[in-house]
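In: Structure of the sequence below:
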Amino acid sequence: MYIHARRRSISFSGRTITIKAAVKGLGTRKHTFTVGKISGLKNIPPTAFKPGKLVFDVPGASKAVVEDVPMYADKVDMNTFTYGGMDSKHVKMLEAAIRKAMSG
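Out: Down below sits the predicted model:
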């Protein structure tokens, strides 16, 4: 599964999750981790004024906020995927697939 939203993208291969964030210039930052490393997963749905957040609790991963993001991108850490209301359905399906992989 792959979702691109709000200058971030998330991909899930069944065992590995990769979150990419756009940074100023031509680069991106990437954080890859396995399902086995996730100790918690929280989905905060979007509202009219705030984007939704899919937040992964990965012990040992950096909690540093990505500061050098382009205009209109969200300043959050690399354990968080932010998304808008149009992507809610896809994020719920992704969350269900990740939770299934975590339990199995």
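In: distance of S103 from P51?
Out: 27 Å (Cβ to Cβ, to the nearest Å). All C-beta spots, glycine's among them, are computed from the backbone N, C-alpha and C.
In: Between the two, which is the more surrounded one?
Out: The neighbour comparison of S103 against P51 (other Cβ atoms under 10 Å) goes to P51, with 19 against 7.
In: Give me the neighbour count for G85.
Out: Here the number of neighbours of G85 (other Cβ under 10 Å) works out to 12.
In: how about N43, what does it touch?
Out: Going by Cβ atoms under 8 Å, 6 or more residues apart in numbering, N43 touches G52, K53, L54, V55, V91, K92, E95.
In: Need the max-distance pair from those residues.
Out: Spatially, the most separated pair among the contacts of N43 is V55 and K92, at 14.5 Å (Cβ to Cβ).
In: got the contact list for F12?
Out: By Cβ under 8 Å, 6+ apart, the residues touching F12 are M1, Y2, L94, A97, I98.
In: Run through the bridge partners of T34.
Out: Beta bridges link T34 to T16, judged by DSSP bridges.
In: How about the contacts made by the most centrally placed residue in the chain?
Out: Closest residue to the average C-alpha location of the chain: F81 at 2.3 Å, with Cα atoms, centre = their mean. By Cβ under 8 Å, 6+ apart, the contact set of F81 is I3, A5, R8, I10, I19, K53, L54, V91.
In: Report the secondary structure state of the first one.
Out: What it means is I3. The three-state assignment at I3 reads strand, by DSSP: H, G, I helix; E, B strand; the rest coil.
In: That one and D87 touch, don't they?
Out: Yes - using Cβ atoms under 8 Å, I3 is in contact with D87, at 5.9 Å.
In: can you give me the helices for the chain?
Out: Under the criterion DSSP state H, the chain contains helices at 88-103.
In: all strands of it, in order?
Out: Along the chain, counting by DSSP state E, strands occupy 2-5, 8-12, 16-22, 28-34, 40-44, 52-57, 80-83.
In: on that earlier part again, going by distance to D74, which of the contacts of F81 wins?
Out: R8 (7.2 Å).
In: Name the nearest residue to the closest one, sequence neighbours excluded.
Out: Distance criterion Cβ to Cβ, 6 or more residues apart in numbering; nearest residue to R8, sequence neighbours excluded, is A21 at 5.1 Å.
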